[in-house]
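> sequence-free structure coming up:
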């Protein structure tokens, strides 16, 4: 009787061990969850920075209240430059000035006087002396600055000719008489072949 009971317990333990072993194997064989991978979003392209337009510098002279070089917004027109210079004087020939003409850095705006002969209305020139668009210095064919009659302000509008050189030109013709040819301007102090090459197509000595 005791042997039967012992064998019974052994059998129960045997099957219990098998059941536990099967359970452990089943748990080990379970599919493990896939690991979570965190990926950063792809980089977005950064737009190229756009440059801010720089202010422009404009030389305003002639018949304005305060002739000088003025720093203006990049989208300025001739009217802006004239206003910066204090407006027209009482002697200004406003009828020949195109107030709506756009400006660019380094340009010169010259306002002529009433009765003054000018190369072309309005006198707006680029640093190189080339025409500044419609209404620029190019003007009608034959509109040249006469070295024998031009005022200091007119001569000052020529490329490379500042107030002091313009004064030298006037002093030279008053001392030595009218220029016979445009090449004679090279006898003036401060004007050599290089500067003459810049202005030869813009000047005349004819009446």
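Received the coordinates, thanks. Bear in mind the structure is a predicted one, so any value in this text is a computation, not a measurement.
> switch to C-alpha atoms for all contacts and neighbour counts from now on
Fine.
> helices and strands around the longest strand along the chain, which ones?
Criterion DSSP state E: the longest strand present in the chain is strand 56-62. Strand 56-62 sits against strand 68-72, helix 78-84, strand 108-111, with contacts defined as 3 or more Cα pairs under 8 Å, 6 or more residues apart in numbering; DSSP states H and E.
> Can you say which of the ones you listed is packed in most?
Stretch with highest mean neighbour count among those: strand 108-111 (a mean of 27; mean count of other Cα atoms under 10 Å).
> The longest strand of the chain - what's its average pLDDT?
The pLDDT scores in strand 56-62 average 87.
> Starting from that strand, tell me which strands it pairs with and how they run.
If you go by DSSP bridges, strand 56-62 pairs up with strand 68-72 (antiparallel), strand 108-111 (parallel).
> which stretch in those has the least confidence?
strand 108-111 (a mean of 85).
> can you map out the helices along this structure?
2-28, 78-84, 152-156, 163-176, 193-199 (DSSP state H).
> Pull the number of nearby residues for the residue nearest to residue 77 when sequence neighbours are not counted.
In space, residue 77 comes closest to residue 102 once its chain neighbours are excluded; the distance is 4.3 Å by Cα to Cα, 6 or more residues apart in numbering. Other residues near residue 102 come to 17 when the count uses other Cα atoms under 10 Å.
> does residue 102 really touch residue 76, like I thought?
Yes - here residue 102 reaches residue 76: they are 6.2 Å apart, a contact under Cα atoms under 8 Å.
> Any regions of the chain where pLDDT drops low?
Along the chain, segments meeting pLDDT under 70 span 1-41, 44-51, 117-143, 207.
> can you rerun that using 90?
The chain contains residues with pLDDT under 90 at 1-54, 57-63, 67-69, 74-75, 92-146, 148-168, 170-177, 188-207.
> picking up where we left off before, to residue 90, which of the helices and strands packed on strand 56-62 lies closest?
Nearest to residue 90, of all the helices and strands packed on strand 56-62, is strand 108-111, at 11.6 Å by Cα to Cα.
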